[in-house]
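1. coords please:
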Amino acid sequence: MLNNKLLRLALPLLLLIAAGLTACDSTNNVDGIEESLVDIPNLNLIEGAESVVATVNRDRKKSNFTIRLDGMAETSGISSGEYPAFCALWDVAIDSDNKSYGNVKLHSIDDEPFWNGISYLVNNIESYEEQYEDLSWLEIQIALWSIMDHKKFDLNTIPDNELPSYVRDGSYNMDIINNILEDVSDNKDLILPGNGCLQILYAEVPGAQDQIIIVPGECPQEKGFGVRYRNFLSSADQQEIYLGTGDLGVGANRSQEHATFTQNGTTEIDFVYSPELDQLSASVGNSYTIYEDLSAKMPASCSIQDVDRAQIWVTARDPGTTVTLSGEYAGESISVTADYDNQSQVFYSLQNLDLSNGFYLNGEITLSGTFTSGERGKAEIVFGCPVQF
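-> Purely as a prediction, here's the structure:
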């Protein structure tokens, strides 16, 4: 049973702190980047992200902005792509008409308690969308401003003419905002920065503005069991299906089988957990493998009874390639696409799972482009248990 909708984390979420333009549509001026950086504590420059390009556009649908990030080194762990974004300071600026900023520096704020509230809110946006039918990007934006302790935001005290125009002229639900803020206040210490499904980064933009960027990361979980579809070139010297427990990269943890994927086309796949047989099975086309005695082989930190979540990773790291994993589970349609030119690694999460009746995913993997062997292209589903921090 799937109690929550699929967490749509394929796109990272960004919060923007602007400095020196026309103010997230506000009329106020600011004193510049140097002062804003002093106000933002606990920043650590990320290796491989010392000079990136950020291109900003207005969204006002699911988020305030969209931003494309390019130029990060592989060592940064941050993929190029377009991400939803929110402004972090209400009285500072950003040019959102396809403006590109160069020499942007990305900083990490992991494990910094200052950011607990932001981390908790961002990692619960999907939950708020389920609770509040009328929730829009603007309620999220106002709640985020309200949490940023270093820049006081209070709709009861700020003159209307100093507010961003989309707040001054917009329609928002204060009851929803207050409920979110109350939830954040009560529970913000449950998700420390760096331990949620989304990781918060801070971007320093020379001569223009600063931004807070929240990128997708692996939801914390103890690995239980899973399947990895890989080697999309289907080279004979490497296996295409890994099936087993814990770290699937360890040969002793898995069964494996050779299979063939259709190049520039679609291949049928399935993945099954049977509690009655106490086994896993996975197939690619007419090839399949079985992993038996699952309960006895589960990691000590994650028993079958404690499994309540799953992570889906799809990767396309060969130039010009795309990989799509699609299918259906418990009435939920799943479609996850990684695109080398836009988002080379995409992450989805399934939460609040009940596996007492097993798990069955019937689906397809669709490929385009030219793949090399190994794991530069892959699709992986890993079930796991909560991590105790």
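
2. which residue ranges form the strands in the stretch 51-200 of the chain?
-> With DSSP state E, counting those that start in this stretch as the definition, the stretch 51-200 of the chain shows strands at residue ranges 52-58, 65-70, 81-87, 97-108, 198-205.

3. the stretch 201-350 of the chain too?
-> Under the criterion DSSP E, counting those that start in this stretch, strands of the stretch 201-350 of the chain are mapped to 209-216, 222-229, 241-245, 254-257, 266-274, 279-284, 287-291, 309-316, 322-329, 332-339, 345-350.

4. can you redo those strands as TSV with mean neighbour count and mean pLDDT?
-> For every residue, glycine as well, the C-beta is placed using N, CA and C. Supplementary listing: the strands of the stretch 201-350 of the chain in TSV, determined by neighbours: other CB atoms under 10 Å; pLDDT from 0 to 100:
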stretch	mean neighbour count	mean pLDDT
strand 209-216	27	62
strand 222-229	24	93
strand 241-245	24	97
strand 254-257	19	96
strand 266-274	19	97
strand 279-284	22	98
strand 287-291	18	97
strand 309-316	23	88
strand 322-329	20	93
strand 332-339	17	88
strand 345-350	22	76
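
5. where does the stretch 51-200 of the chain have low pLDDT?
-> Applying pLDDT under 70 to the stretch 51-200 of the chain picks out residues 130, 149-150, 190-197.

6. re earlier: among the strands of the stretch 51-200 of the chain, which comes closest to Leu325?
-> Among the strands of the stretch 51-200 of the chain, strand 81-87 comes nearest to Leu325, with 17.5 Å by CB to CB.

7. which other helices and strands does that closest one contact?
-> With contacts defined as 3 or more CB pairs under 8 Å, 6 or more residues apart in numbering; DSSP states H and E, the packing partners of strand 81-87 are strand 13-18, strand 65-70, helix 137-147, strand 209-216.

8. number of nearby residues for the closest residue to Leu106 other than its chain neighbours?
-> By the measure of CB to CB, 6 or more residues apart in numbering, the closest residue to Leu106 outside its immediate chain neighbours is Ala49, 3.7 Å from it. Other residues within reach of Ala49, judged by other CB atoms under 10 Å, total 23.

9. tell me the contacts of Ser96?
-> Val56, Asn57, Arg58, Phe65 (CB atoms under 8 Å, 6 or more residues apart in numbering).

10. who's the last one bridged to?
-> On the basis of DSSP bridges, Phe65 is bridged to Arg58, Ala85.

11. about what we covered before: between the contacts of Ser96, which is closest to Leu89?
-> Comparing those against Leu89 with CB to CB picks out Phe65 as the nearest, at 13.4 Å.

12. test my guess that Leu280 contacts Ile241.
-> No: in terms of CB atoms under 8 Å, Leu280 does not count as a neighbour of Ile241; the distance is 10.8 Å.

13. which residues do those two both contact?
-> Common neighbours of Leu280 and Ile241 (criterion: CB under 8 Å, 6+ apart): Val227.

14. remind me, longest helix of the protein?
-> As assigned by DSSP state H, the longest helix anywhere in the chain is helix 174-187.

15. ok so, going back, now name the helix or strand holding the residue nearest to Leu106.
-> Mapping Ala49 onto the secondary structure by DSSP states H and E places it in no helix or strand at all.

16. from Ala203, how far off is it?
-> Taken as CB to CB, to the nearest Å, the spacing of Ala49 relative to Ala203 amounts to 9 Å.

17. what's the nearest residue to Val272 if we skip its chain neighbours?
-> Once chain neighbours are set aside, the closest to Val272 by CB to CB, 6+ apart is Ser281, at 4.8 Å.

18. so the one you found touches Ile269, yeah?
-> No: applying CB under 8 Å as the test, Ser281 and Ile269 come out as separate, 11.3 Å apart.

19. just the CA atoms of stretch 322-332, as PDB, please.
-> Only the C-alpha atoms of stretch 322-332 are listed here, as PDB (Å, rounded to 0.1, in the frame of the first residue of the first chain):
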ATOM      1  CA  THR A 322      18.400   9.500 -22.100                       C
ATOM      2  CA  VAL A 323      17.000   6.800 -19.800                       C
ATOM      3  CA  THR A 324      13.400   6.400 -18.800                       C
ATOM      4  CA  LEU A 325      12.100   4.000 -16.200                       C
ATOM      5  CA  SER A 326       8.300   3.800 -16.300                       C
ATOM      6  CA  GLY A 327       5.700   1.500 -14.800                       C
ATOM      7  CA  GLU A 328       2.900   1.100 -12.300                       C
ATOM      8  CA  TYR A 329       2.900   0.100  -8.600                       C
ATOM      9  CA  ALA A 330      -0.200  -0.100  -6.400                       C
ATOM     10  CA  GLY A 331      -2.200   2.100  -8.800                       C
ATOM     11  CA  GLU A 332       0.500   4.800  -9.000                       C
END
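
20. show me the contact partners of it.
-> Contacts of stretch 322-332 with the rest of the structure, by CB under 8 Å, 6+ apart, involve 1-2, 5-6, 229, 232, 269, 312, 314-316, 333-340, 350, 359-369, 377-379.

21. possible to save the strands of the stretch 201-350 of the chain as a markdown table with distance to Thr157?
-> As requested, the strands of the stretch 201-350 of the chain are arranged in a markdown table below (distance: least, CB to CB, whole Å):
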| stretch | distance to Thr157 |
| --- | --- |
| strand 209-216 | 24 |
| strand 222-229 | 46 |
| strand 241-245 | 56 |
| strand 254-257 | 60 |
| strand 266-274 | 54 |
| strand 279-284 | 58 |
| strand 287-291 | 61 |
| strand 309-316 | 42 |
| strand 322-329 | 49 |
| strand 332-339 | 44 |
| strand 345-350 | 38 |
